[in-house]
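Predicted model, plus sequence, below.
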Amino acid sequence: MKEPKDIIKQTRKEKRITIIELAERMGVSQAYIAKLERGDIELIGEQAELILSVIADWPEDETLYHQYRKPL
């Protein structure tokens with residue numbers, strides 16, 4: 001079974017959300033998000049649920065990936 005930190009990182013990457021974008025949306029530092037994903041800071045259930053809900057509700061056209069990619 002995957003740990004919450006791994007689920008958050010995988011889900012964030014699947015939606016092509018950068019750590020910077022997620023941190024800005026949540027009002028925390030990018031270092032904080034990186035530490036959560038590495039497991040340097042222990043996640044409690046509510047934190048993981050909040051982060052995953054922010055990622056799940058993320059509009060696809062708001063990611064840096066979509067803003068800066070070149071059209072085909």
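Nice, thanks for sending it over.

mind listing the strands for the chain?
With strands called from DSSP state E, the chain shows none.

what's the residue most central in space within it in contact with, if anything?
For the chain, the residue nearest the mean C-alpha position is R12 (4.1 Å; CA atoms, centre = their mean). Neighbouring residues of R12 by CB atoms under 8 Å, 6 or more residues apart in numbering: 19, 22, 37, 55. To be clear about C-beta, it is placed using only N, CA and C from the backbone, and glycine gets the same treatment.

ok, now I55?
8, 11-12, 15, 17, 22.

Check I51 too.
Applying CB under 8 Å, 6+ apart to I51 gives the contacts 8, 22, 26, 36.

And it, how far from V28?
Distance from I51 to V28, counting by CB to CB, to the nearest Å: 10 Å.

cool, D6 as well?
As judged by CB to CB, D6 and V28 stand 19 Å apart.

And for E46?
Distance from E46 to V28, by CB to CB: 14 Å.

more crowded one of the two?
Ranked by neighbour count (other CB atoms under 10 Å), E46 and V28 place V28 first, with 13 against 8.
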